Structures are given as C-alpha cells and as structure tokens.
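# Got a predicted structure here, sequence first:
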Amino acid sequence: MKSYIQLMVVSILLIGCSKAEFLNEKPKDSLIIPTTLKHFQGLLDRDAYLNGTDGQGVTPQLGESGADNFYLLDADFNANLRPQMQNYYTWAVQPYAGVEVLDWLYPYRAILATNTVLNHLDRISASQSELNYLRAQALFHRAHLFYQLAQVFAPPYRKGTANDDKSIPLRMTDDINEVLVKSTVAETYNRIVGDLKESVQYLRVDNDFPTRPSKQAGFALLSRVYLIMQDYTEAEKYADSCLAITDFLLDYNLINMALTEPLTGKNQSGIIKPEVIYWAGMLADPYQYYPTTFLSALIPDELYNSYTEGDLRKKLFFEKRPTGYRFRGTYNYFSTRSNYFSGLAVDEIFLNRAECRVRNGKVAAGLEDLNHLLEKRWEKGKYVPVENLSQEEALKVILEERRKELIFRGIRWSDLRRLNIEGANITLERTVNGKNFTLPPNDPRWTWPFPLEVTAK
C-alpha cells in the first residue's frame, strides 16, 4: 500500500466520521491500513471526500461555470476572479493559469478511497452479504465520480464515435503512482454502467443517510447516465425502477418563503430530505472564488422571466440583488450556500422519465409526469395542466421545465452537450468588458482539457 493511501486513511481516523464509532477511537499503528468491516465502512462514510459535505464540495463545477444559468457583471469579473477563473467564464482554449484544478483532484482523490475498499476487501472477515454491501457502495461512489469527471473532461457520448473518442483515465487501483491511460468514451460509460448495475444488486432499499448510496440512488444514476447516452429506452426503464421505490415530491406550498435559504434542510427541519435520493455537493472552495459563487453569479433576465406568475420557484429559487437576482434554491443541508446540491433527487427522475416517454412516443404519459411535478411547484389552484400537445411541442415544454427545475445542479452543461448532438444548435454567448465570447455547438471547448500537470497516455 502506498504511503499516500496510508496517510489518507490515518487522516480519516484522526478527523472522525459521524457514521462509524471506530473513528472516534485514538488511532493505533494497526489502524493505518483498514482491517475491519467498520474501518472500510468508515472510509466509505467519509462524507467530506466522497460527497463534499465540508463546504468545499467534490463534483466538478467547470460545467456550471461554462453553462448559461448565470452571468457576471464586469465589475465582479474584474475585481473578484483570478485569471484562471476568468478563463473558465470565457471558455478559453487553455484555461489553466497556475491554480490547482480541484475539479480533477477532488473526484480522483475520492476514487482512490473507493479503490482502497474494492481492492482490499479480502483483508477482512465478514459475511458475504456484508462484503457485497461494502463493494456495492464503493462501486456506486466510483461510478458517480467517473460520471462527473466525464461530463467535463471527456467528450460527450456520441454513438457513432464513442469507441474512438478519447476520455478520462479510469483509475482502478489505490496506487497514486498508477500510470494514467486514457480510456475511450465507450469504455468510460461501459465502466460506469457496469459498476452501477452490479451495485444495485446489493445496495439497500432503505437508507438512513442521504450521503450513503441506496438502491434507489443506483437506479436514479443509471437513468441519468443513459439519458446522457441518448438511450431513452434504458433511461426510462431505470427512472421507472427508481420511482417505484418512492416518488415523493415536496409541495413547495409548504415552504416558508420568508427564510433566507428556504430550501435548506437546516431551516426546514429536514422537510426536503425525502425528495433527495443521494446528496453530493458541487465544488465551492472559498479560496478559489469560482464564477458560480452566489456572491457574484446573477440570473439572466430571459431565464428569470421564464418563471411565470403562480410558479413558486420564482420566489423560492431567487433573491433580489441591487442588480438582478441571484440563486438561493439549492437543496443544501450540509454546508455553505455556494456548495450547490449536485446529487440525485426525485424531481430530476420525473423529468428524465417525462422526456424519455415523449421521445419514445408516449406523449400523454410524459405530460402526466410533467404535470405531476409542476402541481407541486405552483401555488395551489393556479396550475393549468399541459395537455394535447404534439410530440415536438411536448418535448420543447419538458426541456424548458427541465432547465428551470434543475438550475445550478451541475446538469445544464451535460444537457447542452447532448442536445447539441441531437441537433438543438445552441450557441452560448457572453460579453465581458465590451468583448463578445461565443461557444458554438460541438466546439472542442465543450470538453475541458486535463490539468497541465496531468500526463496520460
């Protein structure tokens, strides 16, 4: 076992973890390497590393920085962003300028922890069911992190070129000296899907911790992954499996509108928890000051005005600033306001299924899913169900609502990439200090480069 992993495990033992009693014990030399069931479970329950509950996050924010959910005032761009973060905002060909790329580092650090579990389960004495459960959790976490990395550092999934397009390294060991080899896009998604399908066989249906994977989370992530792969039959199937476990949607009429952060569980005594399937946080390191920070990121008028009268999301998601509005509607009950929720929730899966049903020719069923969701988002008695639309019209409405419902979840960038592959022809535009910047459909800059220090064959 390499010294890095040893030190990482020691740090976990020293810091502690709320879900495993052994982590409150004084560390001993014999605990440098995990050797018991509790040790391995404690490693998987290290929420700060695997879920980003420490306020710094873990899932990449590069996609959100590049997407069209926000804009910056010139004054904030000039005064608050370092050159590298300015490059993120303007889609620079080579964006990196000396700042550590946590979008790469943190997910791969977490993957090393999952590989420690996967590669050393033979060290412990436990029942086969206990070993299967540990393995299933580790596989889910690794699949989730590979998926997140692929959304920014790998080209989008194209059925015709997936076997040729180069993708991220699929780290399978806990050796930090492992030689990095680029996979293909097809290999990346095959690994993600394969790990998830194995994990859902052994993950538990009931789960006390939103940061610990469940069977429902496995089905939800499979639905998301197949949607990105434009396999709408499989995406619909796994959305069905997910919602069959629970289809709870929070009625926004029950939310206290007067709160500064109305959708955080801390203020609502956990009222949002049942809608959250799996909690993860987007990167928000306060020392980085990303373009997406709530302190500066403003909502475009076109997006804000798309929430019409009677739509409670307009009040819940946004707050007025001296200039424009900023987002406050993240499902966050672990950390800071800028640490946006980027996990899995029931509302996303209803939208997945709605879109897939329509694409698969079941227009009425797709609109039924959409209406069921929106009835929980509008003031009581004001929502008018969407009915009797053509397939094209229904798909347009669902995609519009998808953008509005899933804002600042780290999903928009992936959606834009796949929609442009489907022919949506969406160009992003920004103006900074009087200069125009554009990102045309299928431009190479829709894939972020590896960090400069990373060498991969």
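Nice, I can see it.

# just so I have it, where are all the strands in this structure?
All strands of the chain, identified by DSSP state E, fall at 166-169, 182-184, 276-278, 318-320, 325-327, 344-345, 428-432, 435-439.

# what's the closest of these to Pro385?
Closest to Pro385 of these is strand 344-345 (C-beta to C-beta; 22.4 Å). In this view, the C-beta of every residue, glycine as well, is placed from N, C-alpha and C.

# elements contacting the closest one?
Packing contacts for strand 344-345, counted by 3 or more C-beta pairs under 8 Å, 6 or more residues apart in numbering; DSSP states H and E, involve helix 215-228, strand 276-278.

# then stretch 207-224 to CSV, C-alphas only?
Written as CSV, here are the backbone C-alpha positions of stretch 207-224 (Å, rounded to 0.1, in the frame of the first residue of the first chain):
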residue,chain,number,x,y,z
ASN,A,207,-31.0,4.2,3.8
ASP,A,208,-30.7,6.4,6.8
PHE,A,209,-28.0,8.6,5.3
PRO,A,210,-28.5,10.7,2.2
THR,A,211,-24.8,10.6,1.6
ARG,A,212,-24.7,6.8,1.5
PRO,A,213,-25.8,5.1,-1.8
SER,A,214,-29.1,3.3,-1.9
LYS,A,215,-30.7,1.0,-4.5
GLN,A,216,-32.9,3.9,-5.5
ALA,A,217,-29.8,6.1,-6.0
GLY,A,218,-28.3,3.4,-8.3
PHE,A,219,-31.4,3.4,-10.4
ALA,A,220,-31.5,7.2,-10.5
LEU,A,221,-27.9,7.4,-11.6
LEU,A,222,-28.5,4.8,-14.3
SER,A,223,-31.4,6.8,-15.6
ARG,A,224,-29.2,9.9,-15.7
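
# State the mean pLDDT of that stretch.
For stretch 207-224, mean pLDDT is 93.

# Report the buried residues of it.
By neighbour count on 16 or more other C-beta atoms under 10 Å, the buried set for stretch 207-224 is 207, 210-224.

# try stretch 384-399
Quick answer for stretch 384-399 (16+ other C-beta under 10 Å): 386, 389, 394-395, 397-399.

# which among those residues gets closest to Leu203?
For the buried residues of stretch 384-399, the nearest to Leu203 is Ile398 (28.9 Å; C-beta to C-beta).

# which residues touch the closest one?
351, 354-355, 358, 366-367, 370 (C-beta atoms under 8 Å, 6 or more residues apart in numbering).

# that older thread, just put the strands of the chain in a markdown table and tack on mean neighbour count, distance to Glu405 and mean pLDDT.
Shown next, in a markdown table, are these (neighbours: other C-beta atoms under 10 Å; distance: least, C-beta to C-beta, whole Å; pLDDT from 0 to 100):
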| stretch | mean neighbour count | distance to Glu405 | mean pLDDT |
| --- | --- | --- | --- |
| strand 166-169 | 20 | 28 | 96 |
| strand 182-184 | 18 | 32 | 96 |
| strand 276-278 | 24 | 14 | 94 |
| strand 318-320 | 15 | 14 | 93 |
| strand 325-327 | 19 | 13 | 95 |
| strand 344-345 | 26 | 10 | 96 |
| strand 428-432 | 14 | 20 | 98 |
| strand 435-439 | 12 | 23 | 98 |
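
# I'd like those as TSV, with distance to Gly57 appended.
As requested, the strands of the chain are exported to TSV (distance: least, C-beta to C-beta, whole Å):
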stretch	distance to Gly57
strand 166-169	19
strand 182-184	25
strand 276-278	15
strand 318-320	21
strand 325-327	15
strand 344-345	15
strand 428-432	23
strand 435-439	24
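
# So which of those is nearest Thr36?
Judging the strands of the chain by C-beta to C-beta, what sits closest to Thr36 is strand 276-278, at 25.8 Å.

# Mind listing residues that contact that closest one?
Here strand 276-278 makes contact (C-beta under 8 Å, 6+ apart) with 144, 210-211, 213-214, 216-217, 220-221, 242, 331, 341, 343-346, 349.

# Listing partners with orientation, what would you give for it?
Strand 276-278 has these partner strands in its sheet, going by DSSP bridges: strand 344-345 (antiparallel).

# and which of the buried residues of stretch 384-399 is nearest Pro322?
Leu399 (32.2 Å).

# so what's the closest one up against?
355, 415, 419.

# Name the nearest residue to the second one, sequence neighbours excluded.
Right, Asp415. Spatial nearest neighbour of Asp415, excluding adjacent residues (C-beta to C-beta, 6 or more residues apart in numbering): Arg402 at 7.0 Å.

# what's the neighbour count on that neighbour?
A total of 21 residues lie near Arg402 under the criterion other C-beta atoms under 10 Å.

# okay, it: pLDDT?
Reading off the model, Arg402 has pLDDT 98.

# So Arg135 sits against Asn119, correct?
No. With contact defined as C-beta atoms under 8 Å, Arg135 does not reach Asn119; the gap is 10.6 Å.

# Same drill for the two, tell me which one is more crowded.
Ranked by neighbour count (other C-beta under 10 Å), Arg135 and Asn119 place Arg135 first, with 19 against 16.

# my guess is Ser315 meets Asn256, correct?
In this structure residue 315 is Lys, not Ser. No. With contact defined as C-beta under 8 Å, Lys315 and Asn256 do not form a contacting pair (11.1 Å).

# between those two, which one's more packed in?
Between Lys315 and Asn256, counted using other C-beta under 10 Å, Lys315 has the larger neighbour count: 15 against 10.

# Quick one: neighbours of the spatially closest residue to that one that is not a sequence neighbour, just the number.
Closest residue in space to Lys315, ignoring its immediate chain neighbours: Met257 at 5.6 Å, by C-beta to C-beta, 6+ apart. By other C-beta under 10 Å, the residues close to Met257 number 10.

# check contacts around Leu221.
With C-beta under 8 Å, 6+ apart, Leu221 has these contacts: 140, 143-144, 147, 196, 278, 344.

# correct me, but Ala220 touches Asp347?
No. With contact defined as C-beta under 8 Å, Ala220 does not reach Asp347; the gap is 10.9 Å.

# which residues does the most centrally placed residue in the chain contact?
Nearest to the mean C-alpha position of the chain, counting by C-alpha atoms, centre = their mean, stands Ser342 at 3.6 Å. Ser342 is in contact with 57, 59, 148, 280-282, 409-410, counting by C-beta under 8 Å, 6+ apart.

# burial measure for Gln230, as a count.
16.

# Export only the CA atoms of stretch 135-146, formatted as CSV.
Taking Å, rounded to 0.1, in the frame of the first residue of the first chain, the C-alpha atoms of stretch 135-146 are listed here in CSV:
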residue,chain,number,x,y,z
ARG,A,135,-18.5,-3.4,-2.6
ALA,A,136,-21.8,-2.1,-3.8
GLN,A,137,-21.3,1.3,-2.1
ALA,A,138,-17.8,1.6,-3.4
LEU,A,139,-18.8,0.8,-6.9
PHE,A,140,-21.6,3.4,-6.8
HIS,A,141,-19.4,6.1,-5.5
ARG,A,142,-16.7,5.3,-8.1
ALA,A,143,-19.3,5.2,-10.9
HIS,A,144,-20.7,8.5,-9.8
LEU,A,145,-17.3,10.2,-9.7
PHE,A,146,-16.3,8.8,-13.1
